[in-house]
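Asker: Okay, sequence plus prediction incoming.
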Amino acid sequence: MKLDSKVAIITGGASGIGLETAKDFLNEGAKVVIADIDENVREIASELGDIDRIVGVVCDVSNEDDVILLIKKAINSFGHIDILVASAGIRSTLMCHEETMDEWNKVLGVNLTGVFLTNKYAIIEMLKQAHGGSIINISSVLGVVGKPSSYAYSATKSAVINMTRSAALTYARNNIRVNVVSPGYVDTPLISEYTDEMRNSTINRHPIGRLANPMEIAKVITFLASNDSSFITGENIIADGGYTIQ
């Protein structure tokens with residue numbers, strides 16, 4: 001198995017891409033800590049597997065104390081950290097002139113500060129071990145190309161890509177690989193709230209003619225977490241069904 005004996009933290013792990021990644025990691029032999037602001041994360045974790053292999057932690061990634069406790073829980077549960085998947089994120093569809101400071105700070109807090117904090121404290125632990133680790137941050141196609149009414153969200157997602165490159169350069173000699181995945185639109189509960197017109201319009205933006213299944217993105221993340229990608233660092237893997245090549 002690709003992740004046998006590895007220990008992983010996955011933020012945003014109670015739903016969508018994070019949840020499917022947790023399932024795939026477990027199938028590949030990893031021990032997993034899923035973190036989410038959702039109060040049901042512990043129950044979700046218990047449904048996925050044995051407590052000896054998976055733990056759920058309530059965590060607001062924009063809160064430094066929460067992130068410190070998350071890292072401590074992972075260490076106390078499984079002894080070390082090999083993999084971090086920074087998947088927690090929130091959307092915002094406000095235009096610049098509509099943006100409020102509260103909304104701006106909320107989006108940056110989760111999508112940007114949350115990545116910074118989880119990266120920081122995972123790296124501190126990974127530096128203690130000779131084999132380092134693998135970090136996978138989650139951006140978006142909207143960190144690569146623009147879209148109307150996606151001001152704060154696009155700002156955070158493009159920043160995550162360059163933060164990843166900087167971290168990859170900083171820690172390459174410490175055997176810590178840092179990569180980023182930029183998905184296109186994924187068939188998650190958020191998309192289920194779309195009208196039929198909105199859904200069809202979104203599908204039509206993808207040359208492949210459909211939305212991604214969350215497990216398709218999870219498989220990319222698993223690849224980057226595993227030794228199969230041992231010579232890859234600082235890369236932005238765009239898994240978007242052709243969205244950004246048009």
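Answerer: Sure, I can see it.
Asker: Scan the protein for its longest strand.
Answerer: Of all the elements of type strand in the chain, the one with the most residues (DSSP state E) is strand 176-183.
Asker: Export only the CA atoms of it, formatted as CSV.
Answerer: Output of strand 176-183 as CSV, limited to C-alpha atoms (Å, rounded to 0.1, in the frame of the first residue of the first chain):
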residue,chain,number,x,y,z
ILE,A,176,9.9,18.1,3.1
ARG,A,177,8.0,18.2,-0.2
VAL,A,178,5.3,20.9,-0.6
ASN,A,179,2.9,20.8,-3.5
VAL,A,180,-0.5,22.2,-4.4
VAL,A,181,-3.5,20.8,-6.2
SER,A,182,-5.8,23.2,-8.1
PRO,A,183,-9.1,21.4,-8.9
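Asker: Average pLDDT for it, rounded please.
Answerer: The predicted model assigns strand 176-183 a mean pLDDT of 98.
Asker: residues touching the nearest residue to residue 187 once chain neighbours are set aside, list them.
Answerer: Nearest residue to residue 187, sequence neighbours excluded (CB to CB, 6 or more residues apart in numbering): residue 211, at 4.3 Å. All C-beta spots, glycine's among them, are computed from the backbone N, C-alpha and C. By CB atoms under 8 Å, 6 or more residues apart in numbering, the residues touching residue 211 are 184-187, 191, 202-203, 241.
Asker: Need the worst-confidence member of those residues.
Answerer: Per-residue confidence over these reaches its minimum at residue 191, where pLDDT is 77.
Asker: Perfect, I'm done here.
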